[in-house]
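**Q** one predicted model, sequence on top.
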Amino acid sequence: MYRPRKNNFIYRFFSWYISFIIKKDFAGFNHNFIQPDEQASILILANHFSWWDGFFIFFINKKLFKKKFHVLVNAENYNKVGFLKYLGAFAAESSGKDVLGMLNYAAKLLEDKNNLVLVFPQGKLHSNHLKNITFEKGVMQIIKSCQKRFSIIFAATFVDYFSNRKPTVQTYLQQWESEEYMSLQLLKSAYNKHYDQSVVKQTQLKE
């Protein structure tokens, strides 16, 4: 599998650069504030509709959670966007056992309270106007393989222009208190409830 690589200079530069381009390309970037357990790692599940999505969560983590950022990407993006590996990106090189190894690696990351792992459960890009977010099975493999306590946070992000030349980003965060007996269907249902509530809030926004 492809693992993250460490280079403090590259990390600091792109950490600054991501903040710079978000502020440059958007009229605003808003999110609500939540306070998860500081003694637990964080698994963020987010909708995936644009090239920006990982950078949005990276930016939120930098401001709010202050954990070591990791993100599950596909092999094409890992190799195509060269700096991602220095920002905590990891990927499977091939299908089969390598995918399982990658999912177990993500679970291992969550056993360190200082880590944050971002996963897009849809697995690939979809429209920002979907009414329902699908979940691939790999998410449950990560959750079931982790041997320590961690927080699950749902993130639903939307982009609207209103009357501005540049769009405004709005991310809705929710910490989910998981059930004792969790299933993929239960997780998907809980996320989509948060997503639906976020859509309602988004439609009520004004310029």
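**A** Everything's here; your move.
**Q** where does this structure dip in pLDDT?
**A** Per-residue confidence for the chain (pLDDT under 70) gives these ranges: 207.
**Q** what residue of this protein is the furthest out?
**A** Distance from the C-alpha centroid of the chain, by C-alpha atoms, centre = their mean, peaks at Ser163 (28.4 Å).
**Q** hang on, that residue in a strand?
**A** No - per DSSP: H, G, I helix; E, B strand; the rest coil, Ser163 lies outside any strand segment and is coil.
**Q** my read: Lys67 touches Ile42, true?
**A** Yes - using C-beta atoms under 8 Å, Lys67 is in contact with Ile42, at 5.9 Å. Placement of C-beta: from N, CA and C, glycine included.
**Q** which neighbours do those two share?
**A** Between them, Lys67 and Ile42 share these contacting residues under C-beta atoms under 8 Å, 6 or more residues apart in numbering: 115-116.
**Q** need the contact partners of the top helix by length along the chain.
**A** Longest helix of the chain, by residue count under DSSP state H: helix 184-203. For helix 184-203, contacts defined as C-beta under 8 Å, 6+ apart pick out 45, 47, 121, 132-135, 137, 139-140, 143, 154, 156, 158, 160, 170, 172, 174, 176, 178-179.
**Q** okay, and the residue nearest the centre of the chain sits in which element?
**A** Residue closest to the average C-alpha location in the chain (C-alpha atoms, centre = their mean): Leu118, at 3.5 Å. Using DSSP states H and E, Leu118 maps to strand 115-119.
**Q** what do you get for Val99?
**A** Per DSSP H and E, Val99 falls inside helix 97-109.
**Q** nearest residue to Phe49 other than its sequence neighbours?
**A** Nearest non-adjacent residue to Phe49, counting by C-beta to C-beta, 6 or more residues apart in numbering: Asn128, 4.0 Å away.
**Q** just the strands in the protein please.
**A** With strands called from DSSP state E, the chain shows them at 28-31, 41-46, 68-72, 89-90, 115-119, 150-160, 168-176.
**Q** name the residues of the last one that are buried.
**A** By neighbour count, and taking 16 or more other C-beta atoms under 10 Å as the criterion, the buried residues in strand 168-176 are 168-174, 176.
**Q** turn these into a markdown table, including distance to Tyr195.
**A** Formatted as a markdown table, those follow (distance: C-beta to C-beta, whole Å):
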| residue | distance to Tyr195 |
| --- | --- |
| Thr168 | 19 |
| Val169 | 16 |
| Gln170 | 13 |
| Thr171 | 12 |
| Tyr172 | 8 |
| Leu173 | 12 |
| Gln174 | 10 |
| Trp176 | 12 |
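**Q** list the contacts of Ile44.
**A** By C-beta under 8 Å, 6+ apart, the residues touching Ile44 are 57, 116-119, 153-155.
**Q** what do you get if the cut-off is 10 Å, keeping everything else the same?
**A** Ile44 sits next to 57, 60-61, 65, 67, 69-71, 116-120, 151-155, 173 when contact means C-beta atoms under 10 Å, 6 or more residues apart in numbering.
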